[in-house]
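Undergrad: Quick one: sequence plus predicted model below, questions after.
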Amino acid sequence: MGWTILTRDLKPVTTTSAEPTRRDFLYIATASVGAVGAAAALVPLIAQMNPDASTIAAGAPVEVDISPITEGQVIKVFWRGKPIFINHRTKKEIEEARNVNLASLPDPQPDDKRVKEGKPQWQVLIGICTHLGCIPLAHSGEYNGYFCPCHGSVYDTSGRIRQGPAPANLPLPPYEFVSDTRIRIG
Amino acid sequence: MSGHSTYQPQSAFMKWMERRLPIAGLVYSSFIVYPVPRNLNYWWTFGGILAFLLGAQIVTGIILVMHYTPHADMAFNSVEHIMRDVNYGWLLRYLHSNGASMFFVAVYIHMFRGMYYGSYKEPREVLWILGVILYLLMMATGFLGYTLPWGQMSFWGATVITNFFSAIPVVGESVVTWLWGGFAVGNPTLQRFFSLHYLLPFVIVGVVVLHIWALHMVGQNNPTGIEVKSDKDTVAFTPYATIKDAFFMVCFCVVFGWFVFYMPNYLGHADNYIPANPAVTPNHIVPEWYYLPFYAILRAIPNKLLGVIALFASIGILAFLPWLDTSKVRSANYRPLYRQFFWIFVIVCILLGWLGGKPAEGGYVVAARILTFYYFAHFLIILPILGWVEKTKPLPNSISESILKEGLPAGASGPAPTARH
């Protein structure tokens, strides 16, 4: 160890001894306790920047009544400060989402994996572009799905990335149907 | 800081002081008798201008904080309060916001000056790298400050820039949540950005001290790019450089004032006078003008992670400039080929800036890709090769010789050597 050599330089008497000295022990013990203390002090300094208790509490699940949403309409609700798109898709949109060659997609995922079973008309997405976090516009873009005005990413009617710099499909929030007309997001 | 100070305190008090804290001697040797090359042109005044602007930004910033409220619900209105109610609040805020733009105007001129005259070359590598660090700190400070009014551009600029870090594989999302202090940009984000925006200028002051220290270690470069060889090549900092700096600083302030009083919002975006709305992204979102070339590089790359890497690389590559430029000759005045490539590079940077402000579609993307390639090629291909193949012009024997050749009367060199006694 580096400091053993230093110790020997400082105290030539001990150079003959190959055994660790009490001074070696003090150096190692001081450095270890100091390192542990410094690391422990970093924990609160870094952790305070993570979401605080009130932010997490405000991120509790929200229930949404979806009965007023007519076919072809998209509404935006907020959950955890993120816009959630609830899209009541038309038959044509569902058709378009299903008749796609999956191999041609940048992030292949079948449409039925992106909606709840038996409810293909209800599409629930986190409306945040996976590129740099802008909110895409609904019912726009080449695939009549979503278009992000910031950097030109184009998503289809299933919210899957088709063109542009975004690396992934629009993510799905955790949600479930409480009844036929209510969903709980979160 | 060349050698010991020649400062001789006159009064009894200054003699007493000098033996305890030799600050007067430090100032005397660093800013009065400090020898500067006698051929410095006006491009060398931007260091002083930058120091002045840093001070001005700190003064106006501290005053703005007296009236600003860093809270998501109140920030926008407190800025309007500054603009309408606070005495001269409109002036102080316009000085601060346009001051940031002027700061970048000055730093870009300062950086291109360094590139033209090869000021980054041995032995000034550390001086140059400290400058790159200062530039990065300035960019961070400018970005943080732009979020504080909490308008639409503030909010969405903060969202897009912090999302750069979501490109990091595996931990990206956690890093972004940590930066935000929430699940989206919100009040916790604003408050920490405010805290850091107040901190960073003082970090900049600290690095500026190192920058000037390194400068005084190696001495200033000059338009010939050759080293100072004798006292004949230099003049005293005061009055020669001080007056020249002061004169051009005033000229610069005329331009600054013109922006502040006649077109204070020209360099901003109208969208930022709309309060932040997390539900709607503005249709055309662009950063402040001084980031536009890098924004164009980001958008030129069709892959998210690679785009972010290219953006940071385009700034980071500057730190390696001293080793990428292989030419032994510093000044472009004696490098006929480099001089042309330098101006092409300047034009490429300006064009990238223009493209950064255009929508990312069609021909703009193609042009941005070509120019992004050229930007990196300038550093990685052109500069290394140029050093080997370029036939440089003969260098003058000394700075004073180069001036005398240009027909300056010999008498004009009179006061210079004596000023050092």
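TA: Right, received. Where do you want to start?

Undergrad: What ranges does the stretch 201-350 of chain B have for its strands?
TA: B:234-236 (DSSP state E, counting those that start in this stretch).

Undergrad: Close to chain A: what parts of it are there?
TA: Contact residues (Cβ under 8 Å from any Cβ of the partner chain) of the stretch 201-350 of chain B with chain A: B:278-285, B:299, B:301-305, B:307. (C-beta placed from N, C-alpha, C; glycine too.)

Undergrad: By neighbours, which of these wins?
TA: B:Arg299 (28 neighbours; other Cβ atoms under 10 Å in any protein chain shown).

Undergrad: Okay, that residue and A:Arg160: tell me how far apart.
TA: From B:Arg299 across to A:Arg160, the span is 22 Å (Cβ to Cβ, to the nearest Å).

Undergrad: Count the residues that sit near B:Arg192.
TA: 17.

Undergrad: Contact residues of chain A facing chain B?
TA: A:46, A:49-52, A:55, A:59, A:76, A:78, A:80-83, A:130-135, A:148-152, A:164-167.

Undergrad: In helices only, show me those.
TA: A:Ile46, A:Thr55 (DSSP state H).

Undergrad: Buried among the residues of chain A next to chain B? Need that as a selection in PyMOL.
TA: Buried residues among the residues of chain A next to chain B (16 or more other Cβ atoms under 10 Å in any protein chain shown), as a PyMOL selection:
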select buried, chain A and resi 50+51+55+59+80+81+82+83+130+131+132+133+134+135+148+149+150+151+152+164+165+166+167
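
Undergrad: Check the burial of the closest residue to B:Thr224 other than its chain neighbours by counting its neighbours.
TA: In space, and not counting its chain neighbours, B:Thr224 is closest to B:Ser402: 5.0 Å by Cβ to Cβ, 6 or more residues apart in numbering or on different chains. By the measure other Cβ under 10 Å, the count of residues near B:Ser402 is 19.

Undergrad: Would you report the backbone torsion angles of B:Ser402?
TA: Main-chain dihedrals, B:Ser402, degrees, to the nearest 10: phi -60, psi -30.

Undergrad: same check, this time on B:Val59
TA: Torsion angles, degrees, to the nearest 10, at B:Val59: phi -60, psi -50.

Undergrad: Pull the number of nearby residues for it.
TA: Neighbours of B:Val59 (other Cβ under 10 Å): 14.

Undergrad: Identify the residues contacting it.
TA: Remark: with contacts taken as Cβ atoms under 8 Å, 6 or more residues apart in numbering or on different chains, B:Val59 is in contact with nothing.

Undergrad: Relative to chain A, how far out is it?
TA: Distance of B:Val59 to chain A, computed by Cβ to the nearest Cβ, to the nearest Å: 30 Å.

Undergrad: before we move on, which element is A:Ile183 in?
TA: strand A:182-185 (DSSP states H and E).

Undergrad: can you pull the buried residues of that strand?
TA: Residues of strand A:182-185 classed as buried by neighbour count (16+ other Cβ under 10 Å): A:Ile183, A:Ile185.

Undergrad: and that strand, which strands flank it?
TA: strand A:62-65 (antiparallel), strand A:175-177 (antiparallel) (DSSP bridges).

Undergrad: Could you export those as a markdown table, including mean neighbour count and mean pLDDT?
TA: A markdown table is the format used below for the strands paired with strand A:182-185 (neighbours: other Cβ atoms under 10 Å in any protein chain shown; pLDDT from 0 to 100):
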| stretch | mean neighbour count | mean pLDDT |
| --- | --- | --- |
| strand A:62-65 | 15 | 93 |
| strand A:175-177 | 16 | 93 |
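
Undergrad: Quick one: neighbours of residue 66, just the number.
TA: No chain was given, so I picked chain A. Close neighbours of A:Ile66, defined as other Cβ under 10 Å, add up to 18.

Undergrad: Sorry, I should have been clearer: chain B.
TA: B:Met66, neighbours per other Cβ under 10 Å, totals 10.

Undergrad: ditto for B:Val218
TA: B:Val218: 15 neighbours (other Cβ under 10 Å).

Undergrad: how much space between it and B:Pro123?
TA: Taking Cβ to Cβ, one finds B:Val218 at 5 Å from B:Pro123.
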